[in-house]
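Chemist: Sharing a sequence plus its predicted fold:
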Amino acid sequence: SLLPPIPDSPARGVLIFPNFGEAKANIATNTITKIIAMKHLLATSITIALLSLGLAGCGEKQATKEVTSDAFVTIQGQDLIKPDGTKLFIMGTNLGNWLNPEGYMFKFNKTNSGRFINEMFCQLVGPDFTADFWKAFKDNYVTREDIRFIKEQGANTIRLAHYQHDQYFYDLCDEVGMVVWAEIPYISEHMPNGRENTISQMKELIIQNYNHPCIVCWGVSNEITISTRDKADMLDNHRELNDLCHKMDSTRLTTLACYAMCGPFNPVAHITDLVSWNLYLGWYVPGLFLNDLWMDFFHLVYPGRPLGFSEYGAEGMPNLHSSKPRRGDHTEEYQAKYHEYMLRCFDRHKWMWATHVWNMFDFAADARDQGGEPGMNHKGLVTFDRKTRKDSFYLYKAWWSDENFVHICSKRFTDRTEREMEVKVYSNQKSVALYVNGEKAGEQTGEHVFSFRVPLTGEIEVRAVAGDCTDTASFRHVDTPNPSYKLVKTKSKSANWV
């Protein structure tokens, strides 16, 4: 066998993880009943390693608990059922390129891989300093704090795009119970002379990570149809990778992420057990409603094919604002509007196997010049420096997290020209009351998103109350728009999709 043996133990296949705050220990299995994607598939059976749903923070105290059947995720028809009896949806985020030391992070042009960067550093400053640098690099880019953000949001899955990641991060995912999609860097273009490398990388990915219970599927490629010319060889390469995964690991599923222009009939989308699409409908192209049409059409044609969204998102700058947000303005408000639609859209399509928002954090992308900050992709729900949670972060928390909270949106949009303004509030509580200058302005019952209209004269102090949670914000009326809230157009030729 190519794989190292799994150590025998009295509780083989069962992992007991630490307590998190006041929450009880979570028990999970790494047993997966393989999805057979046949034409007349009627049911999907998965038992997934899922731990610590909706927990707040990390602790060190070890928990002990007798393993009982009611501690596991179970199957009812096509549904995953949590121990509390409610349906479980695999919903989360991508962690992207910055975890891999690529040239664009250092403004290099030709030195564009980890090996070349390491060699150049060694020549410039010596191996000892270089070793210290990489240690500091890893400590800052792969951190427990990143996991805390993701857990706070309430996500339960991470797609580790688009490369092999550090063992430390897989260990963190094991510890907190993330469902992980791990993939190899077979991206954008199939190279006929690169097949041996894809096979080698997939073997190494599986051998090195087979015993991580967090991993639920192996990803064979990402957006491979973007510029591929030899389609027959590309398809054959995918079949070989898919067979290799099943031979080396019969317990896990295979998947791939398709490019937006890869249609539902493309044969590459029907090789792996699962399939997901990278679609930015409503950002790169107009029409948020196209997301519904796309999902409905695919499901109509292939009702038994497990479909997910592996990437979706919109740029959002926390310093750019508009009371009438529109596609392409890079405002925090449009990003929130986009994600409000997408979450409702996914709620209308509960049969999807997983969704992964792009991206959890803003990240470096040297070819970009968008949003007034060159060299960055701003689709993150949190800024690159991890200091600012954008409104969209709190939207997902309102949908996914069990931690009680309330959040007033557009706090950074202080200066307003309108005489009556919308105050939008995100919360996972069923009722929200709004106070303006100490006086109750209204109360609403609902879910996730609450909207109030309030008069704006002079400066007002706003307070939102949901149960025992409160949040405050200040707004003021001005006669002319604050120019700093609007993106200044440049002559940049940067591709928006980089």
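Modeler: Alright, I've got the coordinates.
Chemist: Tell me what Arg463 is bridged to.
Modeler: Tyr435, Thr472 (DSSP bridges).
Chemist: and it, what is it in contact with?
Modeler: Leu434, Tyr435, Gly438, Thr470, Asp471, Thr472 (C-beta atoms under 8 Å, 6 or more residues apart in numbering). Heads up, the C-betas are built off the backbone N, CA and C, glycines and all.
Chemist: Emit the PyMOL select command for whichever of the residues you listed are buried.
Modeler: Those of the contacts of Arg463 that count as buried under 16 or more other C-beta atoms under 10 Å are selected in PyMOL with:
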select buried, resi 434+435+471
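Chemist: Relative to Arg195, which of the contacts of Arg463 is nearest.
Modeler: Distances from Arg195 to these, taken as C-beta to C-beta, are shortest for Asp471 (54.1 Å).
Chemist: so where is the chain shaky, pLDDT-wise?
Modeler: Within the chain, the segments meeting pLDDT under 70 span 1-71, 96-114, 140-142, 492-498.
Chemist: ok, which stretches of it are helices?
Modeler: Taking DSSP state H, the helices of the chain run over residues 114-125, 127-141, 144-153, 167-176, 195-209, 231-248, 290-301, 332-348, 391-400.
Chemist: now the ones you listed in a markdown table, with mean neighbour count?
Modeler: Formatted as a markdown table, the helices of the chain follow (neighbours: other C-beta atoms under 10 Å):
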| stretch | mean neighbour count |
| --- | --- |
| helix 114-125 | 14 |
| helix 127-141 | 13 |
| helix 144-153 | 19 |
| helix 167-176 | 19 |
| helix 195-209 | 16 |
| helix 231-248 | 17 |
| helix 290-301 | 15 |
| helix 332-348 | 21 |
| helix 391-400 | 24 |
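Chemist: got the ones you listed as TSV, with distance to Ala260 columns?
Modeler: Below are these laid out as TSV (distance: least, C-beta to C-beta, whole Å):
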stretch	distance to Ala260
helix 114-125	28
helix 127-141	28
helix 144-153	25
helix 167-176	28
helix 195-209	22
helix 231-248	17
helix 290-301	9
helix 332-348	15
helix 391-400	21
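Chemist: Looking at these, which is nearest to Asn319?
Modeler: So among these, helix 332-348 is nearest, using C-beta to C-beta, at 8.1 Å.
Chemist: which other helices and strands contact the closest one?
Modeler: Where contact means 3 or more C-beta pairs under 8 Å, 6 or more residues apart in numbering; DSSP states H and E, helix 332-348 is packed against helix 290-301, strand 355-357, helix 391-400.
Chemist: If we use 7 Å, what do you get?
Modeler: On a contact count with 3 or more C-beta pairs under 7 Å, 6 or more residues apart in numbering; DSSP states H and E, helix 332-348 meets helix 290-301, helix 391-400.
Chemist: quick one, it and helix 290-301 angle?
Modeler: With axes from the mean of the first three to the mean of the last three C-alpha atoms, to 10 degrees defining the directions, helix 332-348 sits at 20 degrees from helix 290-301.
Chemist: from the chain's centre, how far out does helix 332-348 sit?
Modeler: In terms of C-alpha atoms, centre = their mean, to the nearest Å, the centre of helix 332-348 is found 14 Å from the chain centre.
Chemist: Residues touching it, excluding its own?
Modeler: Residues outside helix 332-348 that contact it (C-beta atoms under 7 Å, 6 or more residues apart in numbering) are 282-283, 288, 291-292, 312, 314-318, 320-322, 325-327, 352, 355, 390-392, 395, 399, 409-410, 412, 449.
Chemist: and if we set it to 6 Å?
Modeler: With contact meaning C-beta atoms under 6 Å, 6 or more residues apart in numbering, helix 332-348 is reached by 282, 288, 291-292, 312, 314, 316, 318, 322, 325, 355, 390-392, 395, 399.
Chemist: Which member of the residues you listed is positioned nearest Val275?
Modeler: Thr355 (13.2 Å).
Chemist: burial measure for that closest one, as a count.
Modeler: When neighbours are defined as other C-beta atoms under 10 Å, Thr355 has 24 of them.
Chemist: that older thread, nearest to Arg476 among the helices of the chain would be which one?
Modeler: Evaluated over the helices of the chain, closeness to Arg476 peaks at helix 332-348, with 17.6 Å, by C-beta to C-beta.
Chemist: now that closest one against helix 391-400, angle please.
Modeler: On the basis of the same axes, to 10 degrees, helix 332-348 is oriented at 20 degrees to helix 391-400.
Chemist: For stretch 198-214, C-alpha coordinates in PDB please.
Modeler: Presented in PDB, the C-alpha positions along stretch 198-214 are these (Å, rounded to 0.1, in the frame of the first residue of the first chain):
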ATOM      1  CA  THR A 198      -0.100  16.200 -11.200                       C
ATOM      2  CA  ILE A 199       0.000  12.500 -10.400                       C
ATOM      3  CA  SER A 200       3.000  13.000  -8.100                       C
ATOM      4  CA  GLN A 201       1.400  15.900  -6.300                       C
ATOM      5  CA  MET A 202      -1.800  14.000  -5.700                       C
ATOM      6  CA  LYS A 203       0.000  11.000  -4.300                       C
ATOM      7  CA  GLU A 204       2.000  13.300  -2.000                       C
ATOM      8  CA  LEU A 205      -1.200  15.200  -0.900                       C
ATOM      9  CA  ILE A 206      -3.000  12.000   0.000                       C
ATOM     10  CA  ILE A 207       0.000  10.200   1.600                       C
ATOM     11  CA  GLN A 208       0.800  13.200   3.800                       C
ATOM     12  CA  ASN A 209      -2.700  14.000   4.800                       C
ATOM     13  CA  TYR A 210      -4.600  10.700   4.800                       C
ATOM     14  CA  ASN A 211      -4.900  10.500   8.600                       C
ATOM     15  CA  HIS A 212      -6.300  14.000   9.000                       C
ATOM     16  CA  PRO A 213     -10.000  13.500   9.900                       C
ATOM     17  CA  CYS A 214     -10.800  17.100   8.800                       C
END
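Chemist: how far is it from where the chain is centred?
Modeler: Using C-alpha atoms, centre = their mean, the offset of stretch 198-214 from its chain centre is 21 Å.
Chemist: Please produce JSON lines containing the helices and strands packed on helix 332-348, extended by distance to Cys217.
Modeler: Shown next, in JSON lines, are the helices and strands packed on helix 332-348 (distance: least, C-beta to C-beta, whole Å):
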{"stretch": "helix 290-301", "distance to Cys217": "19"}
{"stretch": "helix 391-400", "distance to Cys217": "20"}
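Chemist: Compare these and give me the one nearest Glu145.
Modeler: helix 391-400 (14.3 Å).
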